[in-house]
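1. Make a model of this:
(one chain, ligands or ions: 1)
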Amino acid sequence: MTKKPRPAQTLALARAEHARLGAEIAEHDRRYFQDDAPTVSDADYDALRRRYQALEAAFPELTDAFSLSQKVGVSPSEKFAKVRHAVPMLSLGNIFADEEVEEFCARVQRFLGLPDDAPLAMTAEPKIDGLSCNIRYEDGELVRAATRGDGYEGEDVTANVRTIEAIPNRLAGAPKIFEARGEVFMRHADFRALNARQAEAGKPVFANPRNAAAGSLRQLDARVTAERPLAFFAYAWGEISEPFAATQFSAVEAMRRFGLPANPLTKLCRSAAELLAHYRAIEAERANLGYDIDGVVYKVDDLALQQRLGFVSRSPRWATAHKFPAERATTVLEAIEIQVGRTGALTPVAKLKPVTVGGVVVANATLHNEDEIARKDVRVGDTVVVQRAGDVIPQIVEVVLDKRLRGAAPFAFPEACPVCGSAALREIDEKTGEADVVRRCTGHMVCAAQAVEGLKHFCSRNAFDIEGLGDKQIELFFKEGLIRTPADIFTLSARDGQGRPPLEAWDGFGETSVKNLFDAIDARRTIALNRFLFALGIRHVGETNARRLARNYGDWETFRAAARAPGAAEALADVEGIGPVVAEAVADFFAEPRNEAALDALLQEVTVEPMVAIAAGHPLAGKTIVFTGSLERTTRDEAKAMAERLGAKVSGSISAKTDLVVAGPGAGSKLAKARELGVETIDEEEWSRRAGTG
Ligand code: IVH
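-> Just a heads-up that it's a prediction; the model follows:
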């Protein structure tokens, strides 16, 4: 922000604004340092800081000992460059109960078509509570380091990682291209010493080692990182120019030989019982490790099997995290707030007297839905037990009835939307005749909450990813009537200043931040089909279904024609992975004239790029394949997953669009139909050859 303090401003006004800004900045510092969860963009934060300094420059009397300007280096002021990961950095599924260890092993066996009792080697190692990092070496030299980000794109932290002593700048004997992946974290002793130094210097202290590690790694000034004692354990890899090990366990040993630190508690196990025993051993050691861990990770040892198992959505089938039990604390429920989401769902949120649970201050907890509130009989004013497990939203486990206040009344869940007043209903499931657990506002687009949440989703990271148009800005622009539909975002700059002051004159904005915002919007006028479909916020169309639809239809025009055609729901349900409920939701969306109008307006502004075949080079890419009969070399699930990896579509029924039928023994009517239609038919052996697994 470049606004100059107005000379006519009185000292009293300046003092009030200075105090207000100070409180706001301190709150942002707290979110950044304590929660590692900033709620404003760096640019907005900088604007606040600059305004604050400008006030002090104009009114030196404001600069007292409490002034934030007396503290230095608390903000990440500019931006890190983005780095696209050569191989996505995905996350892990979770298990909590002991029985689930055996279930996990059985699931793996079943997918591979092995008997439940076949020997299966797995590794078990601590799950480090830090932040993951991809470190790329070329010819043994560290050339780039990036944070995980959204898994596909992270932040370039090369300069910072080069200063971390635990991470070698050169590797010995690694493949020509080698991306090491692992966790950057801070040991307890180093964390305590850092906080002591921070406090002494009058700077904010970090809430826990994880936040300290994150805050230290994401420093724009690498000299600051250099002074922070960060540690690292390698446990995975990204792009590699050649295979360097045959098993997970030997891969970790190889990384150690290359010079990378790896966790000494990594163990090779031969059964679910051995995994569980090692889990217990690590759990028993937890307090003595000197660093935070939040569970134990199990991984299939054989890398060829890992390859066959592949991924579901964002997590590998070949690994899971066995989390330690959640931490709990007792506090008072001060209020129950009803939030209205993008799909109109009324969600009760518990407003708690802030309490520390496992090192993090918790002030909100989920109450799930009205049945849950009734079942637990949670009442405002109650003393409750809250639990926090990993990064999931804290939950209320139970009420401490002994401490219930006299006169506390059962909670009456609203039957009207608290935002727009429309009726809020629980839909009746046609099949079961039971009411849905979720009560939904029926106001749709007239409900401001649904519209605003839809816009937030539209701009979010995995959708249009518009930087500078965060939740706060969207709420403000909506309230001011500047943005009501997605298309309005793209006409914002053309309309700026019409009938009202230009944005740069608004409180909290300035010339630079407005220019950045308009640039960020312009940068998103072209978007990939899958992101576009996800951004529309159609019920049940998350990232995975959006990708399935995009891959199936290839381009926007083809998809839209299919979604509007009579009987669309049926045709859509034919797309691999799309069930009838999703298909219905998509067809409903396109049958609604208001959605169509909003889309037309949006398409005046943005261009939707067609999907490039994921594995364009492979002969099976883009082909529609049907599997029928029994398979002997792999399971049906595995064959399907393989086909999808190669860019093919797998369908359940044969039509003129089918390109290839893989028929095993026992194939019946589908095989006959394929012959009738003249579709190419092959056996499993030929399939393996073409898929490259034979
Ligand atoms: S393996 C394909 N091993 O946990 C997934 N992850 O919840 C490869 N993490 O993003 C990850 N310790 O940041 C793996 N020993 C370990 C880990 C570990 C911590 C983190 C990692 C990952 C997250 C997933």
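2. could you check the distance from the closest residue to Ala166 other than its chain neighbours over to Glu183?
-> The spatial neighbour of Ala166 that comes closest, neighbours along the chain excluded (Cβ to Cβ, 6 or more residues apart in numbering), is Phe232 at 4.5 Å. Yep, even glycine has a C-beta here, placed from its N, CA and C like the rest. In this structure, Phe232 lies at 7 Å from Glu183, with Cβ to Cβ, to the nearest Å as the measure.
3. what's the answer for Leu62, then?
-> 43 Å.
4. neighbour-wise, which of the two wins?
-> Of the pair Leu62 and Glu183, Glu183 is the one with more neighbours under other Cβ atoms under 10 Å, namely 23 against 20.
5. Run through the residues that contact the more buried one.
-> For Glu183, the residues meeting the contact criterion (Cβ atoms under 8 Å, 6 or more residues apart in numbering) are Ile128, Gly130, Leu131, Ser132, Cys133, Phe232, Phe233, Tyr235.
6. In this protein, which residue sits nearest the ligand?
-> Minimum separation of the chain from the ligand (Cβ to the nearest ligand atom) falls at Ser132, amounting to 3.2 Å.
7. okay, and the common contacts of Phe232 and Glu183?
-> Joint contacts of Phe232 and Glu183 (Cβ under 8 Å, 6+ apart) are Cys133.
8. on that earlier part again, in a strand, the residue nearest to Ala166, correct?
-> Yes. Judged by DSSP: H, G, I helix; E, B strand; the rest coil, Phe232 forms part of a strand.
9. Next up, the contacts around it.
-> Cys133, Ile164, Ala166, Ile167, Gly182, Glu183, Val184, Phe185, Leu260, Pro261.
10. what's the closest non-adjacent residue to the first one?
-> By that I understand Cys133. Once flanking residues are discounted, Cys133 sits nearest to Val184: 5.0 Å by Cβ to Cβ, 6+ apart.
11. Sheet-wise, list the partners of the one helix or strand the one you found maps to with their directions.
-> Of the helices and strands defined by DSSP states H and E, Val184 is found in strand 177-185. Each strand that strand 177-185 pairs with, and the sense of that pairing, follows from DSSP bridges: strand 131-138 (antiparallel), strand 231-240 (antiparallel).
12. With adjacent residues omitted, what lies nearest to the residue most central in space within the chain?
-> Within the chain, the residue whose C-alpha comes closest to the C-alpha centroid is Asp150; the distance, by Cα atoms, centre = their mean, is 6.0 Å. Taking Cβ to Cβ, 6+ apart, and ignoring the residues beside it in sequence, Asp150 has Arg461 as its nearest neighbour in space, at 5.5 Å.
13. Identify the residues contacting the residue nearest to Cys133.
-> Under the criterion of Cβ under 8 Å, 6+ apart, the neighbours of Val184 are Gly130, Leu131, Ser132, Cys133, Val161, Ile164, Ala213, Leu217, Leu230, Ala231, Phe232.
14. Which of the residues you listed sits closest to Ala561?
-> Minimum distance to Ala561 across the contacts of Val184 is 41.8 Å, recorded for Ser132 (Cβ to Cβ).
15. Assign a three-state SS to Asn195, would you?
-> Using three-state DSSP, the secondary structure recorded for Asn195 is helix.
16. that older thread, against Cys105, how distant is the residue of the chain closest to the ligand?
-> From Ser132 over to Cys105 (counting by Cβ to Cβ), the distance is 25 Å.
17. ok, now Ala424?
-> In this structure, Ala424 lies at 44 Å from Cys105, with Cβ to Cβ as the measure.
18. and Val650, how many residues sit next to it?
-> Around Val650 there are 19 other residues, counting by other Cβ under 10 Å.
19. That one is in contact with Asp637, isn't it?
-> No. Val650 lies out of contact with Asp637 (Cβ atoms under 8 Å); the separation is 10.4 Å.
20. and Glu609, how many neighbours?
-> Close neighbours of Glu609, defined as other Cβ under 10 Å, add up to 16.
21. now swap in Arg107 and tell me
-> Each residue near Arg107 was counted by other Cβ under 10 Å, and the total is 15.
22. Check which helix or strand it maps to.
-> Per DSSP H and E: Arg107 is located in helix 99-112.
23. Could you point out the helix or strand that follows that helix?
-> Under the assignment DSSP H and E, the closest C-terminal helix or strand after helix 99-112 is strand 122-128.
24. circling back: want to try CSV for the contacts of Phe232, with pLDDT and distance to Glu200 as columns?
-> Rendered in CSV, the data for these read as follows (pLDDT from 0 to 100; distance: Cβ to Cβ, whole Å):
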residue, pLDDT, distance to Glu200
Cys133, 97, 29
Ile164, 94, 24
Ala166, 93, 25
Ile167, 96, 28
Gly182, 98, 32
Glu183, 98, 29
Val184, 97, 25
Phe185, 97, 23
Leu260, 98, 34
Pro261, 97, 30
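25. how far out from the middle of the chain is stretch 671-688?
-> Its chain's average C-alpha position is 40 Å from that of stretch 671-688, according to Cα atoms, centre = their mean, to the nearest Å.
26. Just the buried positions in that stretch, please.
-> Along stretch 671-688, these residues count as buried under the neighbour rule (16 or more other Cβ atoms under 10 Å): Leu671, Lys673, Ala674, Val679, Thr681, Glu684, Trp687, Ser688.
27. Name the residues that touch that stretch?
-> By Cβ under 8 Å, 6+ apart, the list of residues contacting stretch 671-688 from outside reads 626, 628-629, 631-633, 639, 654-656, 658-664, 690, 694.
28. try 10 Å this time
-> Under the contact criterion Cβ atoms under 10 Å, 6 or more residues apart in numbering, stretch 671-688 has outside partners 620, 623-634, 639, 642-643, 653-665, 667, 670, 689-690, 693-694.
29. on that earlier part again, buried ones from the contacts of Glu183, can you make that a PyMOL selection?
-> To isolate in PyMOL the members of the contacts of Glu183 that are buried, counting by 16+ other Cβ under 10 Å, one can use:
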select buried, resi 128+130+131+132+133+232+233+235
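30. Would you confirm that Thr635 contacts Arg317?
-> No. With contact taken as Cβ atoms under 10 Å, Thr635 and Arg317 are classed as non-touching, separated by 11.6 Å.
31. out of these two, which sits in the more crowded spot?
-> When neighbours are counted by other Cβ under 10 Å, Arg317 comes out ahead of the other of Thr635 and Arg317, with 22 against 17.
32. Stretch 574-593: end-to-end distance?
-> Start and end residues of stretch 574-593 are separated by 25 Å (Cα to Cα, to the nearest Å).
33. ok now it, how far from the chain's centre?
-> A distance of 24 Å separates the C-alpha centroid of stretch 574-593 from that of its chain, computed with Cα atoms, centre = their mean.
34. So for that stretch, mean pLDDT?
-> Across stretch 574-593, pLDDT averages out at 89.
35. Also stretch 347-355?
-> Summarised as a single mean, pLDDT over stretch 347-355 is 94.
36. Report the buried residues of that stretch.
-> For stretch 347-355, burial by neighbour count (16+ other Cβ under 10 Å) applies to Thr347, Pro348, Ala350, Leu352, Val355.
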